[in-house]
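# Sequence first, predicted coordinates after that:
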Amino acid sequence: MRLPGYFITVLLFWSLAACAANPPRFRDEAIATLERVKSGGGEGLLPAEYQSVLQAFQKGESLLGREEAEDAERYFQLTLLKVALLEQEIHQEKARQQEAARLAEEQKQAELERRAQEEASRLARAKAEALALALAQKEAAELGRKKARPQKEYLFVLSYTVKRGESLPLIASHPEVYGDRNLWPLIYRGNRDQISDPRHIWPGQVLRIPRNVGRDDIAEARRYSQERTLH
């Protein structure tokens with residue numbers, strides 16, 4: 001039994017209406033996931049991968065426009081699969097970038113600490129050098145003052161009165177006598193009339209201090225003092 005043309009027309013109308021009322025069920029989900037990836041920075045983080053996902057979706061849109069709904073649905077499903085992989089890669093890339101940023105910050109802090117330590121060491125060295133220089137300058141100034149300070153002048157005596165506990169070497173060591181204990185033989189020889197033994201002198205004795213002596217006399221006195229040591 002053949003259907004009248006009117007009924008065929010009605011059936012085609014309702015079939016097309018049903019197709020229009022039921023678009024591919026993965027398309028809306030694909031659109032939502034694409035928007036999610038884009039807003040999450042996927043386009044900037046992984047542009048090549050994002051373009052691959054977008055091309056799959058656009059292919060589905062193209063097939064849907066040619067009323068190839070079944071093939072379009074497959075591309076929308078492929079879009080969803082690629083989005084899932086892309087989101088994993090985005091997560092990994094963000095984690096990698098965060099780790100790189102953390103390491104860079106640690107390196108920056110380490111470099112700042114190293115520079116701070118170097119600066120502290122430099123300042124410490126400079127301070128030590130300045131202190132050493134100041135001490136050296138102070139010592140030099142003190143030495144200059146000592147050199148500039150007039151030395152005490154002694155009047156060389158022509159006679160000396162022996163005090164209790166003194167010996168000829170001790171008397172010879174006095175600055176106003178000879179200033180050299182090894183020259184005691186000069187005193188001994190100049191006072192042979194009152195000194196019989198150079199080891200024995202008495203308090204109150206007035207000893208002559210010979211002044212008219214030459215280099216040979218001084219050398220002989222020192223030699224004699226070495227040979228005959230007095231305590």
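That came through, no problem. Residues are numbered from 1 along each chain as shown.
# Longest helix of this structure, counting residues only.
Secondary structure assigned by DSSP state H gives helix 69-148 as the longest helix of the chain.
# Check which residues of the helix or strand following it are buried.
Downstream of helix 69-148, the next assigned helix or strand under DSSP states H and E is strand 159-161. Within strand 159-161, the residues scored as buried using 16 or more other C-beta atoms under 10 Å are Y160. Quick note: C-beta positions are derived from backbone N, CA and C, even for glycine.
# and if you look at stretch 27-43?
If you call a residue buried by 16+ other C-beta under 10 Å, then stretch 27-43 has these buried ones: R27, A30, T33, L34, V37, G42, E43.
# From the chain's centroid, how far away is that stretch?
Averaging C-alpha positions (C-alpha atoms, centre = their mean, to the nearest Å) puts stretch 27-43 51 Å from its chain's average.
# for stretch 219-231, same thing?
Centre-to-centre, stretch 219-231 and its host chain are 65 Å apart (C-alpha atoms, centre = their mean).
# Export that stretch to CSV, keeping only CA atoms.
Taking Å, rounded to 0.1, in the frame of the first residue of the first chain, the C-alpha atoms of stretch 219-231 are listed here in CSV:
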residue,chain,number,x,y,z
ALA,A,219,139.1,48.0,75.1
GLU,A,220,141.6,46.8,77.7
ALA,A,221,139.1,47.5,80.5
ARG,A,222,136.4,45.4,78.9
ARG,A,223,138.9,42.6,78.2
TYR,A,224,140.1,42.6,81.8
SER,A,225,136.4,42.6,83.1
GLN,A,226,135.7,39.5,81.0
GLU,A,227,138.7,37.7,82.4
ARG,A,228,138.0,38.8,86.0
THR,A,229,134.3,38.9,86.6
LEU,A,230,133.1,40.6,89.8
HIS,A,231,129.8,39.6,91.3
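# Averaged pLDDT, that stretch. What do you get?
Stretch 219-231 comes out with an average pLDDT of 88.
# sorry, back to before: now, which of the buried residues of stretch 27-43 sits nearest Q117?
G42 (43.2 Å; C-beta to C-beta).
# returning to what we had before: can you tell me which of the buried residues of stretch 27-43 end up in helices?
Cross-referencing those with the helices (criterion: DSSP H) gives R27, A30, T33, L34, V37, G42, E43 as the overlap.
# L207 belongs to a strand?
Yes: going by DSSP: H, G, I helix; E, B strand; the rest coil, the assignment for L207 places it inside a strand.
# Test my guess that it contacts I171.
Yes: L207 is in contact with I171 according to C-beta atoms under 8 Å; the separation is 7.2 Å.
# what do these two both touch?
Taking C-beta atoms under 8 Å, 6 or more residues apart in numbering as the contact rule, the neighbours common to L207 and I171 are Y160, V162, I187.
# Low-confidence ranges, the chain, go.
Within the chain, the segments meeting pLDDT under 70 span 1-23, 146-154, 231.
# Would you mind stating the distance between the residue lying closest to L46 once chain neighbours are set aside and N212?
For L46, ignoring the flanking residues on the chain, the nearest one in space by C-beta to C-beta, 6 or more residues apart in numbering is E89 at 5.8 Å. With distances defined as C-beta to C-beta, to the nearest Å, the gap from E89 to N212 amounts to 115 Å.
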